[in-house]
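1. Fold the following for me, if possible:
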Amino acid sequence: MAKVAMDDMAENFKQMEGLEEDDEKLQEFLKNLQDQILVGTKEASVRQTLGIHWSVYILAFAVIFGVVGFFSYKLVQSLKEKERKREEKRKLKEMKKKK
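-> A predicted model of the protein is given here:
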């Protein structure tokens with residue numbers, strides 16, 4: 001990308017040699033050149049930012065998924081343990097009634 005930008009700048013400077021006499025065209029040329037440089041840096045910045053943001057989103061999703069998964073597992077485990085204790089209590093009461 002840097003090589004392409006450098007080639008564009010070199011081409012623009014070659015065009016600039018013929019514009020020395022005409023200030024209006026020179027101002028327009030410089031503005032276009034500045035816009036091209038800004039667009040190139042903005043595009044690179046956006047690409048880099050999006051790359052960072054996607055990795056942050058993926059990491060955040062993984063952490064949230066892990067936390068929700070962990071607490072869900074603990075909840076299910078706790079409910080199973082409660083159910084098992086109720087069954088034991090119920091069986092113990094039935095055995096006491098039979099005696």
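2. need the helices for the protein, in chain order.
-> 2-16, 23-98 (DSSP state H).
3. rank the ones you listed by pLDDT, which is bottom?
-> Mean pLDDT values for those show the minimum at helix 2-16, a mean of 64.
4. Residue 59: how many residues sit nearby?
-> 10 (other C-beta atoms under 10 Å). From N, CA and C alone the C-beta is placed, and that goes for glycine too.
5. ignore the last one, residue 77
-> Residue 77, neighbours per other C-beta under 10 Å, totals 10.
6. now residue 8
-> Residue 8 has 14 nearby residues by other C-beta under 10 Å.
7. Could you find the closest non-adjacent residue to it?
-> Nearest residue to residue 8, sequence neighbours excluded (C-beta to C-beta, 6 or more residues apart in numbering): residue 36, at 6.5 Å.
8. Roughly how far does that neighbour sit from residue 27?
-> Going from residue 36 to residue 27 by C-beta to C-beta, to the nearest Å gives 15 Å.
9. neighbour count winner among these two?
-> Higher neighbour count among residue 36 and residue 27: residue 36, with 14 against 11, using other C-beta under 10 Å.
10. My guess is the more buried one contacts residue 29. True?
-> No. The criterion here is C-beta atoms under 8 Å, and residue 36 misses it with residue 29 at 10.7 Å.
11. ok, how many other residues are close to residue 84?
-> By other C-beta under 10 Å, the residues close to residue 84 number 10.
12. measure it to residue 96 for me?
-> Residue 84 is 19 Å from residue 96, by C-beta to C-beta.
13. same question, residue 83
-> Counting by C-beta to C-beta, the gap from residue 83 to residue 96 is 21 Å.
14. Equivalent analysis for residue 62, please.
-> Residue 62 is 51 Å from residue 96, by C-beta to C-beta.
15. what comes up buried for stretch 78-85?
-> Of all the residues in stretch 78-85, not one is buried under the rule 16 or more other C-beta atoms under 10 Å.
16. hang on, I meant stretch 85-99
-> Within stretch 85-99, judged by 16+ other C-beta under 10 Å, no residue is buried.
17. Can you give me the distance of residue 69 to residue 96?
-> Remark: distance between residue 69 and residue 96 (C-beta to C-beta) = 41 Å.
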